[in-house]
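Undergrad: Task: produce atomic coordinates for the following.
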Amino acid sequence: MASLMISRVLYSGENYEYRSPELKQGLNIIEGKNGSGKTTFSDLISYGLGVYVRQYDCNESEIHKEICGDKDNFVILEISINDSKYVLKRYFNNNTIFVTDSSGNVESYAIYRGEANPVIFSDWFLSKLHIEVVEIYQGSRKFKINFPDLYRLIHYDQDTVPRKIYKEHRTDNNFIADSLQIRKVIFELLIGHQFSEYHSLVGELKKLERERDTAKSVFNNYEKMVRDMGYDISHLTTEALEKELMSANINLEKLQIYRESRKKLKIDSRQFNHQLTQLRTDLVQIEREYVMLQQRKQNVLTEHRSLVDLKEDLIREVTHLKKIISAHEELNLFSPNTCPCCLLRVDRKENHCICGSEIDESQYEKFFYSSEEYLDILKSKQKSVDTIDVALESCEEELNDIDKAIFVLEIKKEKLTSHLNDIEKDVAVLSNDSELNRINDEILQEKSKIQDLEQKNVVLKKYESLEEQFNTKNEEYGRKFRRALMLEGILKDIIEKQLKQFNEIYNSLMTDTADDINKAVIDENYMPIINDGEYKQASTNVPKRFMYFLTLLRMSIESDIPFPRFLLIDTPENLGIDNENLDRVLQKIIPDPAVETKPDFQVILTTGINKYPPAFKEYVRDTLTDEDRLLKRRAKE
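TA: Numbers count the residues shown, from 1 in each chain. Down below sits the predicted model:
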């Protein structure tokens, strides 16, 4: 499976900036005093990965003063997924992440899912990590498991109560997103990629069940409507009906041939003339409607072509803007008071150019945009594209309606013309022969019979089509239901093996860490049980939770599971554990010398100065103090 590594963390704003040292595979320690920015470092990583960070939400009561008060600020993460390198850029107060690959291609993804954003950053990220996006159903509600959900077992934060194991969810009152079922799904997805197929199949079954029930309801309603129309087609088949229709057409042809032989003199055709006049009037009306529809179709086609051209122009502008936004860490390369040659600040007289010429100040400044202005322009262009898409959809729907109306008119015109030709021939040649009148009556009866059979044939085909749709959905549901049952049986065996491996690693880590722990396993809900449920002091919760996370990392290193071989650990010493026991816990981060030689994982640990085993000193990448805090105030021009 894929492994995630963060190489560098950057922050840039109008007032503050930060650039981390290069982070490597294996263990990386960021040490510092309280208040120097250790948690800010972890939060910047979380925010850059598309996770909600409460203190960066300016609507919250407690916020990060420096970041929320900064302007034109963003975070950049340089990451690697296996051997592929990417740059993630996310602006604050903005729910879009810009992704640049090693070839310089730029894509933008929304953070949160919606009708306008069916594919979001989490979908892209999980696909690169080879983790399937699973749809979960709970009652009548459904939602997708996203990366922030899995991140709850990847980011060991200091805000979550240790006994809860899982990192707190964004919305504390969201009982569905934090339900036992969802937490079990998160655990199962991280320890076995085959589980994703099962959960995905369960979601598909719910969807298919609704589609099957809808198809059955439509079929039953149509069947009732057909009965109300007086058609009994329950015992009919299309083959039998078409044979009867063929026989009726043959009889009609025989009668028409016989009538031709009986035609002699013209008769009083007042009745036919009246019918002819009505039919011709109807034909003229149809022709008029047909011409109007053709003209209307031409107008809509012209409008559609104009919208397509406009959309293509806007897409080119959006692509260009994305590259501009993603290409620079700071977009304000120039300002009205910057020399374009040496880039040094110049004292400029108001309403005068750098060269001394008089200019209009408002026109002078229009060439310089802030990142917020670029983002506003991008949003405006993207919204315009969405608006054009709606207009295009409306045009296509209108064209479809027009084509249907034209098709109906063409059929009416063809039938009316054929009927008119028949009557005109009759008027021209019919005689007063009573036998001929009888034949005409039989012909009309046969035509009426054929019309009824044709209508019945249309109804029957629709009936069979709806029945086939229902049967198809029902068969598909049954097939996938049987597949789900089979997978459920297989997965029970798999989960037992995975849980056995988890328990072996977890028990080893826990018993090596604490002297008074002789047994540590997880129950059927995947929650830790220490010494068969024996009460332990609160400080035990730290290793109990810490080793849970570390066990997942160990399993990903030793076997092929979807856990991305990455842990972010934030200030574990603040959670009520003494230094001696904390050192014993932290020493478990490096699994063994073989793995240490060529680590295929990454752990980022933020902790107090020297709050780690002495042997870990070589893994310190940055030291933060009161004088050298994480966020550095940017030098003014």
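
Undergrad: pretty sure residue 15 is touching residue 635, no?
TA: No. When contacts are counted by Cβ atoms under 8 Å, residue 15 is not listed as touching residue 635 (10.7 Å). Glycine gets a C-beta too; all of them are placed from N, C-alpha and C.

Undergrad: Am I right that residue 372 is in contact with residue 71?
TA: Yes. Checked against Cβ under 8 Å, the pair residue 372 and residue 71 is within contact range at 7.2 Å.

Undergrad: Comparing these two, which shows the higher neighbour count?
TA: residue 372 (16 against 12; other Cβ atoms under 10 Å).

Undergrad: Next, work out how far apart residue 101 and residue 94 are.
TA: Relative to residue 94, residue 101 is positioned 21 Å away (Cβ to Cβ, to the nearest Å).

Undergrad: and what of residue 325?
TA: Per Cβ to Cβ, residue 325 is found 10 Å from residue 94.

Undergrad: Common neighbours of the two, please.
TA: Common contacts of residue 325 and residue 94 (Cβ atoms under 8 Å, 6 or more residues apart in numbering): residue 375.

Undergrad: Settle it for me: which of the two has more neighbours?
TA: Taking neighbours as other Cβ under 10 Å, residue 325 and residue 94 compare with residue 325 leading, 21 against 15.

Undergrad: Where does the residue lying closest to that one once chain neighbours are set aside sit, in terms of helix or strand?
TA: Excluding the flanking residues, the one nearest residue 325 by Cβ to Cβ, 6 or more residues apart in numbering is residue 374, at 5.5 Å. Assigned by DSSP states H and E, residue 374 belongs to helix 371-429.

Undergrad: what do you get for residue 58?
TA: Assigned by DSSP H and E, residue 58 belongs to neither a helix nor a strand.

Undergrad: dump the residue contacts of it.
TA: By Cβ under 8 Å, 6+ apart, the neighbours of residue 58 are 68, 93.

Undergrad: roughly how far apart are it and residue 169?
TA: Distance from residue 58 to residue 169, by Cβ to Cβ: 21 Å.

Undergrad: same check, this time on residue 609
TA: According to Cβ to Cβ, residue 609 and residue 169 sit 32 Å apart.

Undergrad: before we move on, what about residue 206?
TA: Taking Cβ to Cβ, one finds residue 206 at 23 Å from residue 169.

Undergrad: Tell me how the chain divides into domains.
TA: Under the assignment automatic domain parsing, the domains of the chain span 4-191+514-633, 247-324+349-460.

Undergrad: residue ranges of the helices in this protein, please?
TA: Per DSSP state H, the chain carries helices over the ranges 38-48, 65-69, 121-128, 147-150, 180-191, 194-228, 238-262, 270-327, 361-365, 371-429, 434-513, 541-558, 579-586, 593-597.

Undergrad: now these in TSV, with mean pLDDT and distance to residue 30?
TA: Putting the helices of the chain into TSV (pLDDT from 0 to 100; distance: least, Cβ to Cβ, whole Å) gives the following:
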stretch	mean pLDDT	distance to residue 30
helix 38-48	95	5
helix 65-69	92	17
helix 121-128	94	23
helix 147-150	92	22
helix 180-191	83	25
helix 194-228	77	33
helix 238-262	76	74
helix 270-327	80	26
helix 361-365	54	41
helix 371-429	78	27
helix 434-513	82	23
helix 541-558	86	17
helix 579-586	71	14
helix 593-597	45	20
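
Undergrad: could I get these as JSON lines with distance to residue 28?
TA: As requested, the helices of the chain are arranged in JSON lines below (distance: least, Cβ to Cβ, whole Å):
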{"stretch": "helix 38-48", "distance to residue 28": "11"}
{"stretch": "helix 65-69", "distance to residue 28": "22"}
{"stretch": "helix 121-128", "distance to residue 28": "21"}
{"stretch": "helix 147-150", "distance to residue 28": "21"}
{"stretch": "helix 180-191", "distance to residue 28": "22"}
{"stretch": "helix 194-228", "distance to residue 28": "30"}
{"stretch": "helix 238-262", "distance to residue 28": "71"}
{"stretch": "helix 270-327", "distance to residue 28": "26"}
{"stretch": "helix 361-365", "distance to residue 28": "44"}
{"stretch": "helix 371-429", "distance to residue 28": "29"}
{"stretch": "helix 434-513", "distance to residue 28": "21"}
{"stretch": "helix 541-558", "distance to residue 28": "14"}
{"stretch": "helix 579-586", "distance to residue 28": "13"}
{"stretch": "helix 593-597", "distance to residue 28": "14"}
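
Undergrad: how about those helices, which one is nearest residue 84?
TA: helix 121-128 (7.3 Å; Cβ to Cβ).

Undergrad: other SSEs contacting that closest one?
TA: When contacts are defined as 3 or more Cβ pairs under 8 Å, 6 or more residues apart in numbering; DSSP states H and E, helix 121-128 packs onto strand 96-101, strand 106-110, helix 147-150.

Undergrad: JSON lines for the ones you listed, including distance to residue 397?
TA: Shown next, in JSON lines, are these (distance: least, Cβ to Cβ, whole Å):
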{"stretch": "strand 96-101", "distance to residue 397": "30"}
{"stretch": "strand 106-110", "distance to residue 397": "26"}
{"stretch": "helix 147-150", "distance to residue 397": "36"}
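
Undergrad: List the contacts of stretch 482-498.
TA: Residues outside stretch 482-498 that contact it (Cβ under 8 Å, 6+ apart) are 188, 191-192, 194-195, 197-198, 201-202, 205, 555, 561.

Undergrad: Most widely separated two among those residues?
TA: Maximum distance among the contacts of stretch 482-498 (Cβ to Cβ): 29.1 Å, for 205 and 555.

Undergrad: any idea of the angle the helix holding residue 374 forms with strand 96-101?
TA: Interaxial angle of helix 371-429 relative to strand 96-101 (axes from the mean of the first three to the mean of the last three Cα atoms, to 10 degrees): 90 degrees.
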